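Asker: requesting a structural model of the entry that follows:
(chains A, B and C)
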Amino acid sequence: MVPLSYYLVLSAILFACGVVGFLIKRNIITIFMSIELMLNAVNLTFVAFAAELRALSGHVFVFFVMVVAAAEAAVGLAIIISVFRTRETLNVDRVNLLKL
Amino acid sequence: MHLVLFLIFGALCVGAAINLLVQKHPINSALSLIVVMGSLALLYLLLGAEFVAAVQVIVYAGAVMVLFVFVIMLLNAGEEEVLPHTSRVAVTLGIPGLIVGLAIGVWVIAHYAGLDRVNIGGPTVSNGTESFGAPSFVARLLFRDFLLPFEVTSILILVAILGAVVLARREE
Amino acid sequence: MSLHLWIIPLLPLAGAAINGLLGKRFPKAVVDAIALGSTAAAFLYALWVAVQFFRLPADQIPHIERYATWMTAGTFSAEYGIYLDQLSLVMLLIVTGVGFLIHVYSVGYMEHEGGYYRFFAYLNIFMFFMLTLVLANNYLLMFVGWEGVGLASYLLIGFWFLKDSAANAGKKAFITNRVGDFGFLIALFLLIKHFGTLQYDTVFKAVSAYPVETSAGLLTAIGLLMLFGATGKSAQIPLYVWLPDAMEGPTPVSALIHAATMVTAGVYMVARSNAVFDRAPIALMAVAVIGTLTAIFAASIGILQTDIKKVLAYSTISQLGYMFMGCGVAAYGAGIFHLMTHAFFKALLFLSAGAIIHGLGGEQDMRHMGGLRKYMPKAFWCMTIATFTIAGFPLLAAFFSKDEILWKTWASGNHILWLIGVVAAGMTSFYMFRLWFLTFFGEYRGELATDAGHGHDSHDAHGEHGHAGPHESPMIMIVPLMILALLCIVGGWVGWPRVLAGSDLFDHFLDPVFTTYAPAPAATEAVSGHEEERGTEIALMFISVAAATIGGLGAWYLYYKRTDLPARMAAAAGGLYTFVLDKYKVDEFYGAAIIQPIILISTNVLWKGVDTAVIDGAVNESAAGAQDISDGLRQMQSGNIRSYAGWVAFGAAVVIAFMVWRGVR
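Answerer: Numbers count the residues shown, from 1 in each chain, chains lettered A, B, ... in the order given. Next up is the predicted model:
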């Protein structure tokens, strides 16, 4: 039997890794994957609390999060593809036409 | 027993996550992410969330990550190059911010919520032989209380499909 | 029963509106008809009102008509209303009558000028405001008229506004008037503060309850401030400096505004406020002193002037001084009597001068005139009558009025003032006869027949039909002169004094105005009739006639008999001569003492200091500050996605930390 706090700490660490990756990485696909990592961390929190509170709505919420994540991944990757087509690069620092 | 399993798969999660950060080639990062999702599925099982674990493997690891890998292959993404001009804001603000956040999170959770006294996981039997997170129970909740959001998400998926098709279309 | 007196001011206003707005498209005849018609109608209506007035029973005088409330502010309220008593009736008839004659004259004088309709519109506006001034039943409405005639004066002095000197003269007149108006306004404020209203009847009744002040008190303050306002409008010391410059305007303007009517507004105001002045001996004495000093001061300047209109301007200032002297010894009736006769003879003088100028194609310098009685006989005779009148020739109008003032001055005990007045009368006679001799006698010193018009005012159009040498003016200009000459002769007879077996009609007519609110022991001297004083009065009459004769003889000697003498005397006097010729350098003094400091302060302190540094500085600095702030904020928009991500993460961390901190507590 694992204390709840351990799950929450794990989730926090995963989330932090996701944020760091989001900030550090230059490849746009890798940044996207960091976002997915963040979403997973949040899912873990939901499931942990569902188990503690014996409330299945936590699972349902995880379900919805996954749906949204999937939709977002699809659309986001489509955008990445079209950006790649115009800018010929996956380096997010190169996509800086808005720079003053 | 649960604790051991948790520690093993937890460490696997964290290790794969850090590997994602460290790797230069995106395909390596994608594979690490698959490892993360797999271990998370196992952790869900530990918490009695059977349905969620199954969905995690099937949808997340099996569809979304495959999509990622497809796109990496399609775009022939190479190794990350090192540009001279990186955003200092991201590095200087982001990492310390995160470390702070992480520390706060850990500290708060551990000491003030008293959550280190609550134990979860372990065998859970609600009624009959069905476990706590069995699909039937989730389904009951999903199709009764959360029917509207369910239908809305189906529309969301439809819109996402349309968007993805339109956006990724090659201009003629 | 209402006499509907509101019609009188509104008739010229209507004329002004029509002429002003539409006159540009009208032919001259239509403009004439409107302008003259409205003024004539006002005059005829005024005559009818006069007839009705004499039928009013004594308790209905003053006849007050109230039309509407103008404004209410707390306990103070002002209304549109008319106050008709003997004083305002006299003023009304003078203004409309003389005004009408001058309108007729202007038709001929301004015939070749541009802006014809504008001139008559301005004249009518002036009539409207002047009538408002004399007919108002409260000080506020009078002040409206007061300011309005100042405005009309500005517009008319600067009629030829393309000429720098005319525009500057208009400005000078308006600004100097404004300085005086400031004093008048303060007096009004004091009235409101202490009496709560500006209605004549209420104020005068309230003032009647005050005793005669032996030291400077409220009424003295009000009186002195009103006097200051009057010195501005009526060109007395210290604010007379605008009147000589005002001669830049067309001559009918000088006649109407700066001789007959507007400048008399100050005298009217003092006479109207006799209730206040009677109880403030210090203010009254100030009125008399200022009047007397102005009389002799202006006369001394007039002796040496060479421009015919300037001589008449200083003469006006001097005669106004006489009116103030009369009011200042509480002989208000005498002052108003002189106001009336002055309107006649001064208008006649100016209009005749205008006829001369018109006939010479714009020449105003007397050194270029001479011997004109051959060329302009009618103008000559009219001017002669006017000159003899102003000099105080017995039985002509000013003889009676001037003598009454001098007599009343002596009788009130101010012998020194009387002496100064007599000397000034002698000087008046001197410079008027000097003008007469220089203009009409001797050899003509101007150009006889040229085809280029020279002259001071922009009578340029005259050059067109060739300068045919001096000629008589058209009848439309001469007829008003004749009417005024007639009035000069008979106009004084209403004031035929009792010592000469007359009945002092005018004074008795005006008596109720000045005795109703007089303090109990009558401060006014109504002394003619006592035996020993009769002798004094006749003796004084002889003295003033003698002074006038001496002046006239002096002028005859210097400017007819031995015309070389003036130049030799001027050379001998040297510096004193130039000093007086330069009008005692008063204008220069004002310029240095008042105007230059104001300009310096405005430029350095207000313009450079306050406006540029403080106000502009504040605005510019706030704009620069906004720019700096946005420059700083602009750094956030680097176009770099990862820096945006960094900001988001940082912000999220702050929010989470805050929430945790709140939750922990």
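Asker: how near is B:Tyr44 to chain C?
Answerer: 25 Å (C-beta to the nearest C-beta, to the nearest Å). Backbone N, C-alpha and C define where each C-beta goes, glycine included.
Asker: for the chain, which segments count as helices?
Answerer: No chain was given, so I picked chain A. Here chain A has its helices, by DSSP state H, at A:4-24, A:28-53, A:57-87.
Asker: the intended chain is chain B.
Answerer: B:2-22, B:26-46, B:50-55, B:65-75, B:88-89, B:95-107, B:135-144, B:147-168.
Asker: pLDDT-wise, which helix or strand of the chain ranks last?
Answerer: No chain was given, so I picked chain A. Averaged element by element with mean pLDDT, DSSP states H and E, chain A has its least confident helix or strand at strand A:2-3 (a mean of 82).
Asker: hm, I was asking about chain B
Answerer: helix B:88-89 (a mean of 64).
Asker: just confirm C:Phe120 contacts C:Lys24, I think it does.
Answerer: No. Between C:Phe120 and C:Lys24 there is no contact under C-beta atoms under 8 Å: 11.9 Å.
Asker: of those two, who's got more company?
Answerer: Neighbours per residue, other C-beta atoms under 10 Å in any protein chain shown: of C:Phe120 and C:Lys24, the larger number sits with C:Phe120, 27 against 12.
Asker: how near is the more buried one to chain B?
Answerer: C:Phe120 is 79 Å from chain B, by C-beta to the nearest C-beta.
Asker: grab the nearest non-local neighbour of that residue.
Answerer: Computed as C-beta to C-beta, 6 or more residues apart in numbering or on different chains, the closest residue to C:Phe120 that is not its neighbour in sequence is C:Ala35, at 3.7 Å.
Asker: quick one: closest of the helices of chain A to B:Ala30.
Answerer: helix A:28-53 (6.3 Å; C-beta to C-beta).
Asker: buried sites along that closest one?
Answerer: Residues of helix A:28-53 classed as buried under the neighbour-count rule (16 or more other C-beta atoms under 10 Å in any protein chain shown) are A:28-52.
Asker: next: stretch C:191-201.
Answerer: So, applying 16+ other C-beta under 10 Å, buried residues of stretch C:191-201: C:191-192, C:195, C:197-201.
Asker: roughly how far is it from the heart of the chain?
Answerer: 25 Å (C-alpha atoms, centre = their mean, to the nearest Å).
Asker: circling back to that earlier point, worst average pLDDT in the helices of chain B?
Answerer: Ranked on mean pLDDT, the bottom entry among the helices of chain B is helix B:88-89, at a mean of 64.
Asker: tell me the strands beside the longest strand seen in chain C, with direction?
Answerer: When chain C is parsed with DSSP state E, its longest strand is strand C:63-73. Sheet pairing for strand C:63-73, assigned by DSSP bridges, gives strand C:76-84 (antiparallel).
Asker: any idea of the mean pLDDT for the strand it pairs with?
Answerer: Throughout strand C:76-84, pLDDT has a mean value of 89.
Asker: kindly report the same for stretch C:415-422.
Answerer: 90.
Asker: got a list of contacts for it?
Answerer: The contact list for stretch C:415-422, computed with C-beta atoms under 8 Å, 6 or more residues apart in numbering or on different chains, reads C:288-289, C:292-293, C:295-296, C:322, C:325, C:329, C:405-406, C:409-410, C:540, C:543-544, C:547.
Asker: mean confidence for the longest strand of chain C?
Answerer: Here the average pLDDT along strand C:63-73 is 87.
Asker: C:Ala283 - how many residues pack around it?
Answerer: For C:Ala283, using other C-beta under 10 Å, the count is 25.
Asker: and it, what does it touch?
Answerer: Applying C-beta under 8 Å, 6+ apart, the residues near C:Ala283 are C:219-220, C:222-224, C:226-227, C:276-277.
Asker: adding pLDDT, write those residues out as CSV.
Answerer: Shown next, in CSV, are these (pLDDT from 0 to 100):
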residue, pLDDT
C:Leu219, 87
C:Thr220, 89
C:Ile222, 91
C:Gly223, 91
C:Leu224, 92
C:Met226, 93
C:Leu227, 93
C:Val276, 89
C:Phe277, 89
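Asker: in the host helix or strand of C:Tyr644, what's buried?
Answerer: Using DSSP states H and E, C:Tyr644 falls within helix C:641-664. Counting neighbours by 16+ other C-beta under 10 Å, one finds that the buried residues in helix C:641-664 are C:641-650, C:653, C:656, C:660.
Asker: any regions of the chain where pLDDT drops low?
Answerer: Chain wasn't specified; assuming chain A. A:99-100 (pLDDT under 70).
Asker: hm, I was asking about chain C
Answerer: C:1, C:447-469, C:520-532, C:664-665.
Asker: what does it put close to chain A?
Answerer: C:634, C:637-642, C:645-646, C:649 (C-beta under 8 Å from any C-beta of the partner chain).
Asker: mind doing that once more with 10 Å?
Answerer: C:634-635, C:637-646, C:648-650, C:652-653 (C-beta under 10 Å from any C-beta of the partner chain).
Asker: find the residue at the geometric middle of chain B.
Answerer: B:Met37 (5.8 Å; C-alpha atoms, centre = their mean).
Asker: verify the contact between that residue and A:Ala69 for me.
Answerer: No. Counting by C-beta atoms under 10 Å, B:Met37 stays clear of A:Ala69, with 11.0 Å between them.
Asker: shared neighbours of these two, anything?
Answerer: Common contact partners of B:Met37 and A:Ala69 (C-beta atoms under 10 Å, 6 or more residues apart in numbering or on different chains): A:36, A:40, A:43, B:59-60, B:64.
Asker: closest one of the residues you listed to C:Val619?
Answerer: Distance to C:Val619, by C-beta to C-beta, is smallest for A:Glu36 among the shared contacts of B:Met37 and A:Ala69, at 53.3 Å.
Asker: measure that closest one to B:Leu33 for me?
Answerer: Relative to B:Leu33, A:Glu36 is positioned 6 Å away (C-beta to C-beta, to the nearest Å).
Asker: near chain C, which residues of chain A?
Answerer: Checking chain A against chain C by C-beta under 10 Å from any C-beta, the hits are A:19-20, A:22-26, A:28, A:31, A:34, A:92-93, A:95-100.
Asker: now do 7 Å
Answerer: Applying C-beta under 7 Å from any C-beta of the partner chain, we find that chain A lies next to chain C at A:19, A:22-23, A:92-93, A:95-100.
Asker: hang on, the earlier thing: can I get the helices of chain A in JSON lines with distance to chain B?
Answerer: JSON lines is the format used below for the helices of chain A (distance: least, C-beta to the nearest C-beta, whole Å):
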{"stretch": "helix A:4-24", "distance to chain B": "4"}
{"stretch": "helix A:28-53", "distance to chain B": "4"}
{"stretch": "helix A:57-87", "distance to chain B": "3"}
